[in-house]
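S.K.: sequence first, then the predicted structure, then my questions.
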Amino acid sequence: MSRMLNVAAGQLGPITRNESRANVVKRMIELMREAKARGCRLVVFPEMALSTFFARWYMEDENELDSYFEASMPNKETQPLFDEAKRLGVGFYLGYAELAFEEGRKRRFNSSVLVDGRGQIVGKYRKVHMPGHIEYKPDRAVQHLEKRYFEPGDLGFPVFRSFEGIMGMCLCFDRRWPETYRVMGLQGVEMILVGYNTPAVNREAQEPNHLKMFHNHLTMQAGAYQNGTWVVASAKGGREDGFDMLGGSCIISPAGEIVAKSYTLEDELVSASCDLDLGKYIKDTIFNFNEYRQPEHYGLIVEQKGVVEPPHKSS
Ligand code: ING
C-alpha cells in the first residue's frame, strides 16, 4: 500500500525591511501556482514568511515591533493566500509573528498554521525553543532578539490528521532538538513541516561557516530517521537587509535521506512525491518504540533542564 502526497517547500529569497506584505503574498501565490502545476497538494513556507527576519533589529518602539505581527489569521493581507489555496486545492504551512490577546494581556508568539486545500486552518503551532537573547548586546555584530520579542509557545507539539496523514509542525531552532521530533514521533507523526530563518554566517560561534548547512541538514535527517517521518523544510535564503540567510530547503525521507533540495537562495519551489507509508517499516522495525524504548531510563530528559555533572571524587 502507499499513500502518495506530493509536497513542496516554497523557499523564499530575501524580504527587505520595506517590502510590503502584499508583495510577499504575491511571491507566495506564484509558488503555490507552480506547486499546482507540479501536482503538489501542500506548500511549506518559511518561518516569519511575511517579513524580513526582524529579530536582528533592536526595537524599542512597540508600534514598530507590532507592525511585523499579525493580530489575526487570516487577515486582510493574508486572505489572498487562503483564497488561492481554496481555488487551487493546494494547502500551505505559513510561519508568521502572532500577536494574541489572551489572559488579559498582549502576547507575542512565533507561530505557524497548517491550511488545507479548502483554505481552512487545520492546526496551529507556537515555537517552543526560542533562540537568541533578551537584551541588546553591543558586542554582537548582529542581534538575535527572538527571546525578547516572543514568549515560548504554549501548545506543545500537536499533530493533526490532514492530507490523509498525520502532520506535525515546528519552527527553526526547534529542528535542532531531538525532543521536538520524539514528542511528535510518539504521536505517530508521518510528516513534519518546518520553516526556518538561519543566518548563513557564524559571527559568534567558533566554527567554520560550512558547518551551518551541515548542522541544518544533520539535525533534520536524524530527526526524520529516528522517528520514521518525512521532514519538509523551507528556508529563507539570500542577502536580506545586508545579512546572508542560509537557504538549503529540502525534503527528507523517513530513511533520513534528502530526496529534494534547493539549488538557489531565491524564491524556489522544491518538490517531491512522498509516500506517507514509507516510515511504517522503520516504525515497525529498528525504531519500534513499543518494542525497544525504555522510558523508565529517560527521566532526566524531562526532570532536568541543564547539565548536572557528577561530583568530583574526594580523595
Ligand atoms: N534561528 C536559528 C536557527 O536555529 C540559531 C538560530 C542559529 C541557533 C545557529 C543556533 C545556531 O537556525 C531561528 N530563527 O530560530
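M.R.: Great, that's in hand. Residues are numbered from 1 along each chain as shown.
S.K.: what kind of secondary structure is E47 in?
M.R.: Of the three states, E47 takes coil under DSSP: H, G, I helix; E, B strand; the rest coil.
S.K.: ok, now which ones touch it?
M.R.: G95, N110, S112, K127, L171, C172, G195, Y196, N197, K236 (CB atoms under 8 Å, 6 or more residues apart in numbering). In short, each C-beta sits where N, CA and C put it, glycine included.
S.K.: do you know how far it is from P254?
M.R.: For E47, the distance to P254 equals 23 Å [CB to CB, to the nearest Å].
S.K.: what do you get for S20?
M.R.: 39 Å.
S.K.: which of the two has more neighbours?
M.R.: P254 (26 against 12; other CB atoms under 10 Å).
S.K.: which residue packs closest to that one, ignoring adjacent ones?
M.R.: G279 (3.5 Å; CB to CB, 6 or more residues apart in numbering).
S.K.: what does the model give the one you found for pLDDT?
M.R.: The model reports G279 with a pLDDT of 98.
S.K.: my read: it touches G228, true?
M.R.: Yes: G279 lies in contact with G228 (CB atoms under 8 Å); the separation is 3.5 Å.
S.K.: so what sits against both of those two?
M.R.: Common neighbours of G279 and G228 (CB under 8 Å, 6+ apart) are P254.
S.K.: next, format the contacts of E47 as JSON lines and append secondary structure.
M.R.: Shown next, in JSON lines, are these (three-state DSSP):
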{"residue": "G95", "secondary structure": "strand"}
{"residue": "N110", "secondary structure": "strand"}
{"residue": "S112", "secondary structure": "strand"}
{"residue": "K127", "secondary structure": "coil"}
{"residue": "L171", "secondary structure": "strand"}
{"residue": "C172", "secondary structure": "helix"}
{"residue": "G195", "secondary structure": "strand"}
{"residue": "Y196", "secondary structure": "strand"}
{"residue": "N197", "secondary structure": "coil"}
{"residue": "K236", "secondary structure": "strand"}
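S.K.: by neighbour count, which of those wins?
M.R.: G195 (32 neighbours).
S.K.: in this structure Q143 contacts M59, no?
M.R.: No: with contact defined as CB under 8 Å, Q143 does not reach M59; the gap is 9.9 Å.
S.K.: now the phi/psi pair for F53, please.
M.R.: phi -80, psi 90 (degrees, to the nearest 10).
S.K.: and it, how far is that from the ligand?
M.R.: As judged by CB to the nearest ligand atom, to the nearest Å, F53 and the ligand stand 7 Å apart.
S.K.: which positions within stretch 197-216 qualify as buried?
M.R.: For stretch 197-216, the neighbour count (16 or more other CB atoms under 10 Å) marks N197, T198, P199, A200, K212, N216 as buried.
S.K.: spit out the contact partners of the third one.
M.R.: The reference is to P199. R56, V142, H144, K212, F243, D244, M245, L246.
S.K.: that one bridge partners, please.
M.R.: Beta bridges link P199 to M245, judged by DSSP bridges.
S.K.: among the buried residues of stretch 197-216, which are in reach of the ligand?
M.R.: N197, T198 (CB under 6 Å from any ligand atom).
S.K.: could the buried residues of stretch 197-216 be laid out in JSON lines, adding pLDDT?
M.R.: Written out in JSON lines, the entries for these read as follows (pLDDT from 0 to 100):
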{"residue": "N197", "pLDDT": "97"}
{"residue": "T198", "pLDDT": "95"}
{"residue": "P199", "pLDDT": "92"}
{"residue": "A200", "pLDDT": "91"}
{"residue": "K212", "pLDDT": "94"}
{"residue": "N216", "pLDDT": "98"}
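S.K.: go through the buried residues of stretch 197-216 and name the one nearest A9.
M.R.: Among these, N216 lies closest to A9 (CB to CB), at 12.9 Å.
S.K.: test my guess that the closest one contacts S249.
M.R.: No: contact criterion CB under 8 Å: N216 and S249 do not qualify, at 9.8 Å.
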